[in-house]
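1. predicted coordinates and the sequence they were generated for:
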Amino acid sequence: MVKIKPNFILDLIGVLLIFVGVSISSCQAPNTQTTASTQPLKTLPLIAAKGFQVQYFDGYTHITVMEPWKNAAKNMVYVMVQDSAKVPTSLLQNAIILPWQINRVAVMSTTYIHFLELLQRDTTIRAISDIKYVCSPKIQAAYQSKKIVEVGFDEHMNIEQLLATNCDAVLTYGIDNAASPIVAVLKDKRQKPIFVSEYLEQTPLAQAEWIKFFGVLFHEERAADSIYQFISMNYNRLQATVNHSARPTVISNLPFKGNWYIPGGKSVAATFIKDAGGDYVFAANEETGGVACSFETVYAAAVQADYFIHLNNNITEAAVRKEFPEITNFKSFQQHHLYNNNRRINPALGNDFWESGMARPDLILQDLILILHPETDSTHQQKLFYYRHLE
């Protein structure tokens, strides 16, 4: 009889257990669970814009709109998902989830149109709030050929019409906290509201840099960056041509329906005047938006101003005098220095200044420099683009 040592038996049992364990594990399905990505690969570089941030992660892009409307209680977070397994559960539950490819959009403001045109993504527009205010010939033609539908806005929005467009996102805006119900309604209908708040930026170039926001949505970051570089370089070049030692004084905005609102001294409108080599009569004001002032306050400050710009919808001196008889006492009127930003309007008074001008502040600045410093045009051949001289 052959005797087997106890240690040998224990060793043999151990080997068998290892073999069985390996065999069982080899028969199990491979582990397909992916760890959520929480460390950004990079951040979108911004120069002037303060209203949004973009971070790129493995499998998704994280977009934050800091102030979707003025005095908003919280920011808006969007996630463009390429691989949902890599998105943290908290984001999937709390953020607005966007498709990786956005191919069809509804546009609730004309100010977004030219951004999309510059990126050659205007063909994605399938719905618009009100076509009559649109100046873009391309969008008007698309509407006429029924490629774009009109859906209204706010309480007048035709939700059924919007749903029929099968848009991937609704590019919209909010003025105040009244925008919250709009978000609720759209989300209830499984629409994706993307709030664009470029109008809250405090400088012209910061507003224009929102082209990078649209670039992210359509994966056109490189094109958006190139376009912004061109616009900002052109803006800065124009600003450098101005003789800032001779600065004419400027007043902006006529009274409207009994109220006289003037741009705040830290507003985009005031910045344009400063950068064009003018002295805005209310430059000391600290507000960034419109400011309601008494008639007496504005009159006293404006009566000796060299130039008067932004005169409601008027296109002649006579029309201004009829609407505002006191203008005859103004130095700007007596010297025929009245200029309005409505050279490019459509029959419904839709104004391209507020459409393409938001994306092209360099063209607005060029106009204002020609107005305030005509000596910069030595050949007298340059023509105003957005502005007209009222005669």
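-> Perfect, thanks for sending it.
2. hmm, A223 and F214 touching each other?
-> No: with contacts counted by CB atoms under 8 Å, F214 stays clear of A223, the gap being 10.0 Å. For the C-beta atoms, the positions are set from N, CA and C on the backbone; glycine is no exception.
3. so between the two, which is more surrounded?
-> Between F214 and A223, F214 has the larger neighbour count (other CB atoms under 10 Å), namely 24 against 17.
4. list the residues that contact that one.
-> 112, 115-116, 119, 121, 220, 224 (CB atoms under 8 Å, 6 or more residues apart in numbering).
5. helix, strand or coil: sort out it for me.
-> helix (DSSP: H, G, I helix; E, B strand; the rest coil).
6. try the one 5 residues further on
-> Of the three states, H219 takes coil according to three-state DSSP.
7. quick one: it from K274, how far?
-> 36 Å (CB to CB, to the nearest Å).
8. between those two, which is the more surrounded one?
-> Comparing H219 with K274 by other CB under 10 Å, the one with more neighbours is K274, at 17 against 14.
9. hang on, the more buried one in a helix?
-> Yes: under three-state DSSP, K274 falls within a helix.
10. coming back round to it: need the overlap of contacts for F214 and A223.
-> Joint contacts of F214 and A223 (CB under 8 Å, 6+ apart) are L119.
11. and the helices in the stretch 1-150 of the chain?
-> 6-27, 89-94, 113-118, 137-144 (DSSP state H, counting those that start in this stretch).
12. ok, back up a step: can you list the contacts of F214 in JSON lines and add neighbour count, pLDDT and distance to N313?
-> Conversion of these to JSON lines gives the following (neighbours: other CB atoms under 10 Å; pLDDT from 0 to 100; distance: CB to CB, whole Å):
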{"residue": "Y112", "neighbour count": "26", "pLDDT": "98", "distance to N313": "23"}
{"residue": "F115", "neighbour count": "26", "pLDDT": "98", "distance to N313": "25"}
{"residue": "L116", "neighbour count": "25", "pLDDT": "98", "distance to N313": "27"}
{"residue": "L119", "neighbour count": "19", "pLDDT": "98", "distance to N313": "31"}
{"residue": "R121", "neighbour count": "20", "pLDDT": "98", "distance to N313": "31"}
{"residue": "E220", "neighbour count": "20", "pLDDT": "98", "distance to N313": "35"}
{"residue": "A224", "neighbour count": "23", "pLDDT": "98", "distance to N313": "33"}
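13. closest to T43 out of those?
-> Ranked by distance to T43 (CB to CB), the contacts of F214 are led by A224 at 15.1 Å.
14. the closest one touches L119, doesn't it?
-> Yes: counting by CB under 8 Å, L119 is a contact partner of A224 at 6.3 Å.
15. next up, phi/psi of the closest residue to D58 other than its chain neighbours, please.
-> Distances taken as CB to CB, 6 or more residues apart in numbering place S37 nearest to D58, at 4.1 Å, with adjacent residues excluded. Per-residue torsions, S37: phi -90, psi 120 (degrees, to the nearest 10).
16. what about S37, neighbour count?
-> Other residues close to S37 by other CB under 10 Å number 18.
17. ok, now which ones touch it?
-> Neighbour list for S37: 57-60, 86-88 [criterion: CB under 8 Å, 6+ apart].
18. now whichever strand or helix holds Q366: how far from the chain's centre is it?
-> Under the criterion of DSSP states H and E, Q366 resides in helix 361-372. Relative to its chain's centre, helix 361-372 lies at 21 Å (CA atoms, centre = their mean, to the nearest Å).
19. what is that helix packed up against?
-> helix 204-208, helix 221-240, helix 268-275, strand 307-309 (3 or more CB pairs under 8 Å, 6 or more residues apart in numbering; DSSP states H and E).
20. buried ones in that helix?
-> 361-372 (16 or more other CB atoms under 10 Å).
21. now do stretch 232-250
-> So for stretch 232-250, counting by 16+ other CB under 10 Å, buried means 232, 234-235, 238-239, 242, 247-250.
22. and the gap between the residue nearest to A223 when sequence neighbours are not counted and L200?
-> The spatially closest residue to A223, leaving aside those adjacent along the chain, is L119, at 5.8 Å (CB to CB, 6+ apart). Here the criterion is CB to CB. By it, L119 lies 22 Å from L200.
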